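Undergrad: Predicted structure and sequence below. I'll ask about it afterward.
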Amino acid sequence: MKKIYFLLLLIITISCDSYLDVMPKGQVIPSTVEDYDLILAASSVSISNSLFMDPDASMPDEAIIASSDRVRNAYLWAENQYPVSIEDGNWSSLYKNIYICNEIIENIDGAKSISGNEALRNEVKGQAHAQRAHLYFWLVNMYGKHYNASTKTSDLAVPMVVKNDIFQQLPRATVAEIYNLIESDLGIAKDLVPENIISSKNNRASLSGVNALLAKISLFKGDFADALTYADDAISGFNGDFQDYNVWVSQDHFLYQSPPFNNVYDPEVIWYGVASSFFGLMYGDEYYLSPSLDALYDRSHDLRFAYWMGEVDPYTGNPFPGGTRYGNWWVKCITASLGELYLIRAECYARTGEAGLAMDDVNLLRKFRFLAGSDYQLSAATSLEALQIVKEERRRELVGTGLYWFDLKRYHMYGDEIPTFTRIVNGQTYTLEPESNRYMMAIPEFTREMNPLLEQNPR
């Protein structure tokens, strides 16, 4: 037990004093396969920067005034979300976790195994490669331009840290280089990770989890044939199933009892990572649904609305000032879940002319989300209609993950029409155009002060 405490201390004392915010200050160094298995548990993904930049989020003036500077700047699509004196928590957290993955990848082959379990060595190594790939997926999509086959070798992304050298100063790698690393890591992981994992360890990658992330990567690259293949493989290999939301009808509303949707023990979660922020129906920064997203829900029958949203303060009984507030805080899965996977496959079907198959996947998901006995099925006469339905279902299903912001970037890159968004705060209008550089987060000035090789994004 003492060893476990020391290893946890090593993780939580990782500092941000180096050029890339990845320098450890802990004194205890892991040395066995079992040690690396323990520290892998600390290498997780938790994202908040993109949540309030997402146009599906809304905040009334009262909430904006009371919110943190970080959230307010994100919501207003400001030039910089963080001043030079404050580190970007997502940037530093992602790179700290990359440090952990690198440490495992570099050293686990030579580590002693106390139990003699060589299968565990391979499993942990593969999961470290997979986790590093997922960490870079978020970095490249938050801080870089969307993947564009024509400009990927010149578009700047983020520093590519694959070796733990605290004295290195690295420039930003290109989007192509980061995607190549992601795909290389996932290729290695496929040969090492277990076929399935127990639900209590679903924050680790399984073979289905790796295929699910490959499906997402292929989708983001616009390679719909590969995305469809990987999604098929992930779905067929997954040992979980949809959770029927109707089984919670008799339970208290989310405001009083948190249902286990999209958390570690959810049978739909393929690979758990959390969309985390300090918001909720009762805590911290307040996240409301935009009017356009709110209008997409069937309030009478869609149980996602019933369990995830609130319109009345549970303590006072008064209506919330901004309308419908989202409250599924802390537990929303952003890595790989069955619902998202079916929507990836449905989008690929729609984009490749298979409208009927696209709607089959959408309706299967909706079957488990809608009140029993209600009419949940949708239909499409054309692939274009099917694609629009898939896009809307993604917004309903993936609310609170920040993925709609990424979706808008990739839709624009595919040539799909996306709107110009506006937010009016205290009488002032803020605008996000389809071509706006504000779809990329600024490289944190806090980090650029330490590493002048990091070129800033155009603002």
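TA: Sure, I can see it.

Undergrad: Now do the contacts for the residue most central in space within the chain.
TA: For the chain, the residue sitting closest to the mean C-alpha position, by C-alpha atoms, centre = their mean, is Ile334 at 3.6 Å. Neighbouring residues of Ile334 by C-beta atoms under 8 Å, 6 or more residues apart in numbering: Val45, Ile47, Gly273, Val274, Ala275, Thr401, Gly402, Leu403. Every residue, glycine included, has its C-beta placed from N, CA and C.

Undergrad: any low-confidence regions in the stretch 101-250 of the chain?
TA: 248-250 (pLDDT under 70).

Undergrad: all helices in the stretch 301-450 of the chain, in order from the N-terminus.
TA: Shown for the stretch 301-450 of the chain, the helices assigned by DSSP state H, counting those that start in this stretch span residues 303-308, 338-351, 355-367, 383-397, 403-414, 445-448.

Undergrad: actually the stretch 151-300 of the chain, not the one I wrote
TA: Under DSSP H, counting those that start in this stretch, the stretch 151-300 of the chain gives helices at 175-190, 207-221, 224-237, 291-294.

Undergrad: quick one: the strands in the stretch 51-200 of the chain?
TA: 57-58 (DSSP state E, counting those that start in this stretch).

Undergrad: Next one: the residue nearest to Arg132 when sequence neighbours are not counted from Asn246, what distance?
TA: Excluding its sequence neighbours, the residue lying closest to Arg132 (C-beta to C-beta, 6 or more residues apart in numbering) is Cys101, at 3.9 Å. Cys101 sits 39 Å away from Asn246, taking C-beta to C-beta, to the nearest Å as the criterion.

Undergrad: Ok, Tyr230 next?
TA: Counting by C-beta to C-beta, the gap from Tyr230 to Asn246 is 30 Å.

Undergrad: out of the two, which sits in the more crowded spot?
TA: Neighbours were counted for Tyr230 and for Asn246 using other C-beta atoms under 10 Å; Tyr230 has more, 26 against 15.

Undergrad: Could you find the closest non-adjacent residue to the more buried one?
TA: Closest residue in space to Tyr230, ignoring its immediate chain neighbours: Ala215 at 3.7 Å, by C-beta to C-beta, 6+ apart.

Undergrad: The one you found against Phe224, yeah?
TA: No - contact criterion C-beta atoms under 8 Å: Ala215 and Phe224 do not qualify, at 10.2 Å.

Undergrad: okay, now Leu387: neighbour count?
TA: By the criterion of other C-beta under 10 Å, Leu387 has 20 neighbours.

Undergrad: In contact with it, which residues are there?
TA: Residues counted as contacts of Leu387 (C-beta under 8 Å, 6+ apart) are Glu347, Ala350, Arg351, Ala358.

Undergrad: Find the nearest non-adjacent residue to Phe137, please.
TA: Spatial nearest neighbour of Phe137, chain neighbours left out: Ile182 (6.0 Å); criterion: C-beta to C-beta, 6+ apart.

Undergrad: for Leu303, same thing?
TA: Nearest to Leu303 is Tyr245, by C-beta to C-beta, 6+ apart, at 4.0 Å.

Undergrad: Nearest residue to Glu195 in space, ignoring adjacent ones along the chain?
TA: Among residues not flanking Glu195 along the chain, Leu207 sits closest, at 4.8 Å (C-beta to C-beta, 6+ apart).

Undergrad: what's the neighbour count on Leu120?
TA: 17.

Undergrad: hang on, it packs against Ile114?
TA: No - counting by C-beta under 8 Å, Leu120 does not reach Ile114; the two are 10.0 Å apart.

Undergrad: Spit out the residues that contact these two alike.
TA: Joint contacts of Leu120 and Ile114 (C-beta under 8 Å, 6+ apart) are Val33, Glu34.

Undergrad: ok, now which ones touch Leu228?
TA: By C-beta under 8 Å, 6+ apart, the contact set of Leu228 is Ala215, Arg345, Cys348, Tyr349, Thr352.

Undergrad: Buried among those residues? Need that as a selection in PyMOL.
TA: Burial among these is assessed by 16 or more other C-beta atoms under 10 Å; the matching PyMOL selection reads:
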select buried, resi 215+345+348+349
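
Undergrad: Out of the contacts of Leu228, the closest to Pro419 would be?
TA: Nearest to Pro419, judged by C-beta to C-beta, of these is Cys348 at 23.7 Å.

Undergrad: Look up how far Gly373 lies from the residue nearest to Glu195.
TA: 37 Å.
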